[in-house]
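Peer 1: okay, predicted coordinates and the sequence, questions at the end:
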Amino acid sequence: MIKVYHNPRCSKSRCALDYLNEKGIQFDVIEYLNAPFTKDELRDVLNKLGISAEELLRKNETEFKENFKGKTLSNEEWIDAMIKFPKLIERPIVVNQDKAVVARPTEKIDEIL
């Protein structure tokens, strides 16, 4: 089953849900601000994305600017930061079995279908 890590306040995230619905694809929605990632879940998603934790950061978020701007952290420290401040996680993330994409633009979803 496809999983979409979703923030309802994000227009790109809503577009991903619409895109999958238009294609008639079933999926589970995980509102990661209400049901936060565990460290293992976030590590797993990063593996499926094939990127480092730092590459998944939203560096324009207030939490980033106030707490992390100009800092060099290890991959594990960035994971800890995203667990503590889930708004730092880029979205939407769409996972299909052992592959994942950050659906920006929305059509990137096609890469894992």
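Peer 2: Yes, it's here. Residues are numbered from 1 along each chain as shown.

Peer 1: helix or strand for Met82, just tell me which one.
Peer 2: helix 75-84 (DSSP states H and E).

Peer 1: dump that helix to CSV, keeping only the CA atoms.
Peer 2: Coordinates of each C-alpha in helix 75-84 appear next as CSV, following Å, rounded to 0.1, in the frame of the first residue of the first chain:
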residue,chain,number,x,y,z
ASN,A,75,23.0,12.6,9.8
GLU,A,76,21.8,11.3,13.2
GLU,A,77,21.7,14.8,14.7
TRP,A,78,19.6,16.0,11.7
ILE,A,79,17.2,13.0,12.3
ASP,A,80,16.9,14.0,15.9
ALA,A,81,16.2,17.6,14.9
MET,A,82,13.4,16.4,12.5
ILE,A,83,11.9,14.2,15.2
LYS,A,84,11.8,17.2,17.6
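
Peer 1: buried stuff in it?
Peer 2: By neighbour count, with 16 or more other CB atoms under 10 Å as the criterion, the buried positions of helix 75-84 are Trp78, Ile79, Ala81, Met82, Ile83. C-beta here means a position set from N, CA and C on the backbone, and glycine is covered the same way.

Peer 1: quick check: the gap between the first one and Leu57.
Peer 2: The reference is to Trp78. 7 Å (CB to CB, to the nearest Å).

Peer 1: just give me how far stretch 64-74 sits from the chain centre.
Peer 2: Put simply, stretch 64-74 sits 19 Å off its chain's centre (CA atoms, centre = their mean, to the nearest Å).

Peer 1: how long is that stretch from one end to the other?
Peer 2: With CA to CA, to the nearest Å as the measure, stretch 64-74 spans 15 Å from end to end.

Peer 1: Val101 in helix, strand or coil?
Peer 2: Using DSSP: H, G, I helix; E, B strand; the rest coil, the secondary structure recorded for Val101 is strand.
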